[in-house]
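Undergrad: Whatever this is, show me its structure:
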Amino acid sequence: MILFFFRDKPPTPPSSSVGALKDPFWPSIKQLFRNKNVWILCIIFGFVQGVFNTLGTVVGEISNEYGYNAVRIE
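TA: As a prediction, this is how the structure comes out:
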């Protein structure tokens with residue numbers, strides 16, 4: 001019964017933005033990676049993430065020398 005009473009698409013789009021959407025996915029991705037600001041954001045995020053991970057590792061190694069470790073004593 002569903003095949004007979006329901007259409008494949010609604011007669012009007014659910015919103016105006018859906019009706020205006022014409023660009024496929026991949027051209028938008030290509031345009032994104034051509035944007036200089038996206039690359040600056042990726043470089044800055046990578047730098048901050050690298051510094052955070054490095055400091056976490058170094059603090060863990062330094063604290064082991066003074067007897068602190070991750071073992072829980074009960």
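Undergrad: burial measure for N37, as a count.
TA: Each residue near N37 was counted by other CB atoms under 10 Å, and the total is 8. Every C-beta, even on glycine, is put in place using the N, C-alpha and C of the backbone.
Undergrad: likewise F25?
TA: F25, neighbours per other CB under 10 Å, totals 7.
Undergrad: G60 too?
TA: Neighbour count for G60, taken as other CB under 10 Å: 12.
Undergrad: If you count contacts, what does the strand or helix carrying it end up packed against?
TA: Applying DSSP states H and E as the criterion places G60 in helix 36-65. Under the contact criterion of 3 or more CB pairs under 8 Å, 6 or more residues apart in numbering; DSSP states H and E, the helices and strands touching helix 36-65 comprise an empty set.
Undergrad: show me where pLDDT drops low in the protein?
TA: Applying pLDDT under 70 to the chain flags residues 19-23, 72-74.
Undergrad: And the residue nearest the centre of it, how close does it get to V51?
TA: By CA atoms, centre = their mean, the mean C-alpha position of the chain lies nearest to C42, the distance being 10.9 Å. Using CB to CB, to the nearest Å, we find C42 at a distance of 15 Å from V51.
Undergrad: returning to what we had before: please report how far the residue nearest to the centre of the chain lies from Q49.
TA: From C42 across to Q49, the span is 10 Å (CB to CB).
Undergrad: Mutual contacts of the two, please.
TA: Counting by CB atoms under 8 Å, 6 or more residues apart in numbering, C42 and Q49 have no shared contacts at all.
Undergrad: Check which helix or strand K9 maps to.
TA: Using DSSP H and E, K9 falls within no helix or strand.
Undergrad: Cool, thanks, signing off.
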